[in-house]
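A.B. asks: A structural model of the following input is requested.
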Amino acid sequence: MSLEPDLLADRRRLRRRLTLWRALAIFALFGAIALVAGMRGERVLPGGDHVLRLPINGFIAEDRRVIEALDRAATNASVRAVIVAIDSPGGTIAGGEALHGALSRVAARKPVVALMGATAASAGYMAALPAARIYARDSSLTGSIGVLLQSFDVSELMARLGVSAQVIASGPLKDQPSLFRPLSAEGRAALDRVIQDLHAQFVGMVVAGRRMDADRARALADGRVFTGRQALDVGLIDAIGGEREARAWLAAEREVPESLPVRDMQTRSTTERLISQATEGVMKSLLSEWLGVDAPRALWQPSR
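C.D. replies: Okay, the predicted model is just below:
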């Protein structure tokens with residue numbers, strides 16, 4: 001009789017092990033299917049005339065695959081137009097510049113239209129500038145034309161804890177800004193010159209993209225955000241609307257039929273996109289904003 005409880009316990013342990021291995025096998029199977037589907041979707045180029053949609057979401061950083069895909073689209077006769085769908089608070093200056101350059105090369109060959117979602121600010125607005133026409137929702141947040149450089153000074157906290165940092169630098173500006181000592185007047189002046197030069201580059205893109213007077217562009221480039229309606233009033237966008245209005249404009253002004261299918265540009269596999277969505281916000285936003293010395297960014301960041 002004593003063997004029966006032991007047999008039941010063994011069976012339960014065996015069943016739990018089988019359940020675990022079955023779950024792992026199912027997970028591995030779905031992972032393999034997603035990986036193969038993603039690889040196929042990345043390698044097979046859609047045929048037939050179509051409108052290409054480029055989604056720009058979240059933090060903008062330089063992505064070689066996106067730039068290369070846009071350069072291929074610029075010379076692909078099947079791509080009749082490109083719709084840039086933006087929902088981003090911005091990103092790095094270099095990332096915005098690279099995207100702006102690639103979209104400018106596309107715009108030199110075929111129509112490009114930008115659509116603003118909830119947010120298209122800073123580098124997100126920079127990405128819209130090569131478009132022949134920019135649409136936004138009434139409530140879209142855009143603008144924020146400016147450059148941001150942030151650092152922290154924890155020297156007082158370290159002194160209270162009895163911790164000191166030993167820094168050996170080749171010059172007085174090499175470690176500016178630094179977490180370990182206050183920003184010097186000389187360092188602040190040098191960094192300010194960098195920020196002003198980057199800001200001037202951004203303003204130049206606005207002047208060229210919006211065909212706007214330089215003084216007018218500088219007056220709007222004080223870092224403030226605009227709603228879609230406000231942006232329309234000051235000339236930062238062309239119209240209120242979404243993809244339906246963009247397709248109608250392309251048909252009327254660029255002879256791109258509304259009947260053509262719209263296909264999203266995919267540069268990453270399904271697995272990569274799933275992993276990216278899970279980690280992008282933490283790695284690129286939280287860590288970059290709160291830890292260490294950050295690079296200059298064109299990022300809308302409301303004051304805390």
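A.B. asks: next one: V234 from I145, what distance?
C.D. replies: Taking C-beta to C-beta, to the nearest Å as the measure, V234 falls 11 Å from I145. Backbone N, C-alpha and C define where each C-beta goes, glycine included.
A.B. asks: same question, G48
C.D. replies: Counting by C-beta to C-beta - G48 and I145 are separated by 39 Å.
A.B. asks: so between those two, which is more surrounded?
C.D. replies: More crowded of G48 and I145, by other C-beta atoms under 10 Å: I145, with 26 against 8.
A.B. asks: quick one: the helices in the stretch 101-250 of the chain?
C.D. replies: Under the criterion DSSP state H, counting those that start in this stretch, the stretch 101-250 of the chain contains helices at 123-128, 155-161, 185-210, 214-220, 228-234, 243-254.
A.B. asks: mean neighbour count, these: which tops it?
C.D. replies: Most buried of the helices of the stretch 101-250 of the chain, by mean neighbour count (mean count of other C-beta atoms under 10 Å): helix 123-128, with a mean of 30.
A.B. asks: show me what that one packs onto, helices and strands only.
C.D. replies: strand 79-88, strand 90-92, helix 93-107, strand 112-121, strand 141-143, helix 185-210, strand 297-299 (3 or more C-beta pairs under 8 Å, 6 or more residues apart in numbering; DSSP states H and E).
A.B. asks: check those for me: which has the lowest mean pLDDT.
C.D. replies: The weakest mean pLDDT among those belongs to strand 297-299, with a mean of 72.
A.B. asks: what score does K174 have for pLDDT?
C.D. replies: On pLDDT, K174 comes in at 85.
A.B. asks: over to the one 10 residues further on?
C.D. replies: For S184, the model assigns a pLDDT of 89.
A.B. asks: quick check: it vs D153, distance?
C.D. replies: Taking C-beta to C-beta as the measure, S184 falls 11 Å from D153.
A.B. asks: again with V256
C.D. replies: Using C-beta to C-beta, V256 is found at 53 Å from D153.
A.B. asks: other residues contacting stretch 237-254?
C.D. replies: Contacting residues not belonging to stretch 237-254 are listed as 51, 81, 83, 85, 111, 113, 115-116, 128, 132-138, 142, 228-229, 231-232, 256-258, 262 [C-beta atoms under 8 Å, 6 or more residues apart in numbering].
A.B. asks: list buried residues within those residues.
C.D. replies: Buried members of these, scored by 16 or more other C-beta atoms under 10 Å, are 51, 81, 83, 85, 111, 113, 115-116, 128, 132-137, 142, 228, 231-232, 256.
A.B. asks: lowest-pLDDT helix or strand in this protein?
C.D. replies: Across the helices and strands of the chain, mean confidence by mean pLDDT, DSSP states H and E is lowest for helix 287-290: a mean of 42.
A.B. asks: give me the common contacts of V234 and I145.
C.D. replies: Listed as contacting both V234 and I145 by C-beta under 8 Å, 6+ apart are L220.
A.B. asks: not counting residues beside it along the chain, what's closest to the most centrally placed residue in the chain?
C.D. replies: What sits nearest the mean C-alpha location of the chain, by C-alpha atoms, centre = their mean, is I60, with 2.4 Å. Closest residue to I60 apart from its sequence neighbours, by C-beta to C-beta, 6 or more residues apart in numbering: G91 at 2.9 Å.
A.B. asks: give me the distance between that neighbour and Y125.
C.D. replies: Taken as C-beta to C-beta, the span from G91 to Y125 is 11 Å.
A.B. asks: can you give me the distance of the residue nearest to F226 when sequence neighbours are not counted to A120?
C.D. replies: Spatial nearest neighbour of F226, chain neighbours left out: G143 (4.2 Å); criterion: C-beta to C-beta, 6+ apart. To A120, G143 is 9 Å away according to C-beta to C-beta.
A.B. asks: do the same with A239
C.D. replies: According to C-beta to C-beta, A239 stands 14 Å off from A120.
A.B. asks: between these two, which one's more packed in?
C.D. replies: A120 (34 against 13).
A.B. asks: ok, the more buried one - contacts?
C.D. replies: By C-beta under 8 Å, 6+ apart, the contact list for A120 reads 86-88, 114, 127-128, 136, 140-142.
A.B. asks: how about V147?
C.D. replies: Counting by C-beta under 8 Å, 6+ apart, V147 touches 93, 195, 198-199, 202, 296-298.
A.B. asks: repeat that for 6 Å
C.D. replies: Contacts for V147 (C-beta atoms under 6 Å, 6 or more residues apart in numbering) come out as 195, 198-199, 296, 298.
A.B. asks: now do the phi/psi pair for it.
C.D. replies: V147 adopts backbone torsions of phi -130, psi 140, taken as degrees, to the nearest 10.
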